[in-house]
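Visitor: only geometry, no sequence info:
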């Protein structure tokens, strides 16, 4: 089985795959475009775990394109798959949706209020828009269109003619006992478990086998429209096929003229590898076990005259901060959800910097601020030429594609700063501009457009992901009781801060001031480094910061103090600190 070896080295995994894919393509199909593929089932929201199914071949295809080769990235929309279940959080409490189980996804009505004509198109649309924002170029293939147009007719007839050979391959695995499961760390919650699933098309159906024999084809019923059918006879010479349905409907058709059915999944996937000439396609963890679709497909593809693609198994994508979201919405967030709170470049980077067999998490909680800090540090290292080659490659793949760079934020201020400002100003853009302009008085901001779209993403994160009890609300009036109870040392710390406000009114200046007050009180210079200070200074700083937070926002913690002070403004800071 041509699985690409996945090195543990911290070099560029994309280039290594591209090398092998180009070599394999030249062996199999010299002179033709390199074909890489993804499969997505629009059976519900296409989540961030499914995005890895697209990003892995996209990054490889883009590298091949950068090298001057022709390449096609196919995304097969498995919209002719059966509607298997009503997704949590989508159809609500209306039991009528269960009536559609067994129909093709394109024959199921769209969720209420949708502008799209059916269930599949509704969920395809959101993913298509997200991929456009991320710069992902692809050729979309509707499996409904392929099957109902008769595009696969010869392949279907071939599969039926060789059904005995297919059954023999599948039978090797039907009799095998599943290997004992290894103990492994469980995903954090049900949402992450759902994110661990691969393509929704991976229902492990291998066809029906009864008194009439084995058949790798399933018609959709002419009566109820569902796939609750059983093939009762088939004639290879005339292609006459008879079936019955659980609803009581029976029909006899000529398969050479009939387009209302499909090959079962374990046969359908390898058929498409051969039909499209796919060289590279990854598969999720749900395809990695003995007897799974990818392994079985590696043998069945030969029946169709093709070869199995090179394909790494990709690990699941977890979500940090999902417990709150999954309980309210049901399911895992989608790429569209992620793009509301982070720029496309950051989301691309999360997939580009980890090898496919490495799991990682996408942050919807406070961790997003640390991720952005890491991203900005990498950008600075790349700019100054000090980043490691593998990190440079991941960064380059994140900020753009072979077609060009994705639109950047002109002045990418720290995400945590922008989030703090958005939190404090609560939608007042004039206030946000004032505060952000004071961060660096020598280079004042002229317009919020200079910090967009990052500012908009940070604002969306504050408004949608931060619980109300963690939002920052500045006091309306001074805490007179707390101010009256202060000991001399605490009162002196406030006087030192107030005396330095005017001179240090900038982000850097206030940072120096708030960290320097406890140092000066202890008899050290304000610019003394941590190495020059005793450990108790850190304790004094924490106490001082807690006092300021209580006096300004009535809590022990809050946004970074320099940002908070700028946001509150000098006059109000002086008032709340008792001047």
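Guide: Looks like it arrived, so ask away. All values reported here derive from a predicted model rather than from experimental measurement.

Visitor: now for residue 261, how many residues are close by?
Guide: Using other CB atoms under 10 Å, residue 261 has 22 neighbouring residues. From N, CA and C alone the C-beta is placed, and that goes for glycine too.

Visitor: then residue 269?
Guide: Residues lying near residue 269 (other CB under 10 Å) number 27.

Visitor: how much space separates it from residue 579?
Guide: Look at residue 269 and residue 579: by CB to CB, to the nearest Å, they are 72 Å apart.

Visitor: and for residue 526?
Guide: Distance check for residue 526 against residue 579: by CB to CB, it reads 20 Å.

Visitor: residue at max distance from the center of this structure?
Guide: Here the chain reaches farthest from its C-alpha mean at residue 488, the gap being 53.0 Å by CA atoms, centre = their mean.

Visitor: torsion angles phi and psi at that residue?
Guide: phi -60, psi -40 (degrees, to the nearest 10).

Visitor: look at it and report its pLDDT.
Guide: With respect to pLDDT, residue 488 has a value of 94.

Visitor: quick one, helices of the stretch 151-300 of the chain?
Guide: Along the stretch 151-300 of the chain, the stretches classed as helices by DSSP state H, counting those that start in this stretch are 153-161, 163-174, 190-195, 265-276, 293-300.

Visitor: mind putting those helices into TSV with mean pLDDT?
Guide: Below are the helices of the stretch 151-300 of the chain laid out as TSV (pLDDT from 0 to 100):
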stretch	mean pLDDT
helix 153-161	98
helix 163-174	91
helix 190-195	44
helix 265-276	96
helix 293-300	90
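
Visitor: which one of those lies nearest to residue 358?
Guide: helix 190-195 (14.6 Å; CB to CB).

Visitor: how about the contacts made by residue 540?
Guide: 518, 521, 522 (CB atoms under 8 Å, 6 or more residues apart in numbering).

Visitor: top of the residues you listed by neighbour count?
Guide: residue 518 (24 neighbours).

Visitor: secondary structure element holding that residue?
Guide: helix 507-521 (DSSP states H and E).

Visitor: where in the stretch 251-400 of the chain is pLDDT low?
Guide: Where the stretch 251-400 of the chain drops to pLDDT under 70, the residues are 288, 290, 322-331.

Visitor: can you give me the strands in it?
Guide: Ranges of strands in the stretch 251-400 of the chain, per DSSP state E, counting those that start in this stretch, are 261-263, 283-284, 313-314, 317-320, 360-363, 400-401.

Visitor: buried ones in stretch 413-432?
Guide: Using 16 or more other CB atoms under 10 Å as the burial criterion, the residues of stretch 413-432 that qualify are 413-425, 432.

Visitor: any chance of those in CSV, with distance to residue 40 too?
Guide: Below are the buried residues of stretch 413-432 laid out as CSV (distance: CB to CB, whole Å):
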residue, distance to residue 40
413, 35
414, 35
415, 30
416, 34
417, 37
418, 33
419, 32
420, 37
421, 37
422, 33
423, 36
424, 40
425, 39
432, 38
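
Visitor: and of those residues, the nearest to residue 372?
Guide: residue 415 (3.5 Å).

Visitor: for residue 436, which residues are in contact?
Guide: Residue 436 makes contact with 413, 418, 421, 445, 448, 451 under the criterion CB under 8 Å, 6+ apart.
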